[in-house]
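Visitor: got a structure for you, letters missing:
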């Protein structure tokens, strides 16, 4: 059975979509065991942010046709790890039922950028931050870590440790 990770955000249109794509892509290639990903939002947007799709495409990940989903769409499912990537999602969902472990990786919302140039730069920075965190997370012996140890290690990844 694959290791399952859920990423939560408010709109499920930017940060959580990028993290899901990274985990889905790199988790499928993980030698220590297959990792799958899903994402959802507390107030899902109508569509995935085009700059998220653009930054993913720039790194070879096709993400067209994805639709933001609600936390309600994944409620009742079991996840080995739940990661919130925005403060609003953490506040709306401080505990996700069905989560073995949960951690917060708060990042600024790249969708807040006011110009196309600023948006592209913000989404590139979000990609870089999430890419580094996902690589560090997937390098852990996820299947062997107790929930408390996983939480501590995932929090340390966010802090850069």
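Guide: Structure's in. What do you need? Worth saying up front: this structure is predicted, and the values here are computed from it rather than measured.
Visitor: would you mind pulling the contact partners of the longest helix seen in the chain?
Guide: Looking across the chain with DSSP state H, the single longest helix is helix 116-138. Helix 116-138 has contacts (Cβ atoms under 8 Å, 6 or more residues apart in numbering) with 14-15, 18-19, 22-23, 26-27, 30, 35, 49, 51-52, 54-56, 59, 85, 105, 107-108, 110-113, 154, 157-158. Yep, even glycine has a C-beta here, placed from its N, CA and C like the rest.
Visitor: same thing but at 7 Å, please
Guide: 15, 18-19, 22-23, 26-27, 30, 35, 51-52, 55, 59, 105, 107, 110, 113, 154, 157-158 (Cβ atoms under 7 Å, 6 or more residues apart in numbering).
Visitor: which ones among the residues you listed lie within helices?
Guide: Going by DSSP H, the helices hold 15, 18-19, 22-23, 26-27, 51-52, 55, 154, 157-158 from these.
Visitor: between those residues, which is nearest residue 143?
Guide: residue 27 (12.1 Å; Cβ to Cβ).
Visitor: my guess is that closest one contacts residue 38. True?
Guide: No. Between residue 27 and residue 38 there is no contact, the gap being 11.4 Å when judged by Cβ atoms under 7 Å.
Visitor: these two: which is more packed in?
Guide: residue 27 (22 against 19; other Cβ atoms under 10 Å).
Visitor: please report the distance of the residue of the chain positioned farthest from its centre from residue 121.
Guide: What lies farthest from the middle of the chain is residue 115; by Cα atoms, centre = their mean that is 24.4 Å. For residue 115, the distance to residue 121 equals 9 Å [Cβ to Cβ, to the nearest Å].
Visitor: and what of residue 155?
Guide: In terms of Cβ to Cβ, residue 155 sits 27 Å off from residue 121.
Visitor: residue contacts, residue 23?
Guide: 5, 35, 37, 134.
Visitor: repeat that for 8 Å
Guide: 5, 7, 35-37, 134, 137-138.
Visitor: neighbour count added to the residues you listed, as JSON lines?
Guide: Listed next are the contacts of residue 23 as JSON lines, based on neighbours: other Cβ atoms under 10 Å:
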{"residue": "5", "neighbour count": "27"}
{"residue": "7", "neighbour count": "29"}
{"residue": "35", "neighbour count": "23"}
{"residue": "36", "neighbour count": "17"}
{"residue": "37", "neighbour count": "25"}
{"residue": "134", "neighbour count": "26"}
{"residue": "137", "neighbour count": "25"}
{"residue": "138", "neighbour count": "20"}
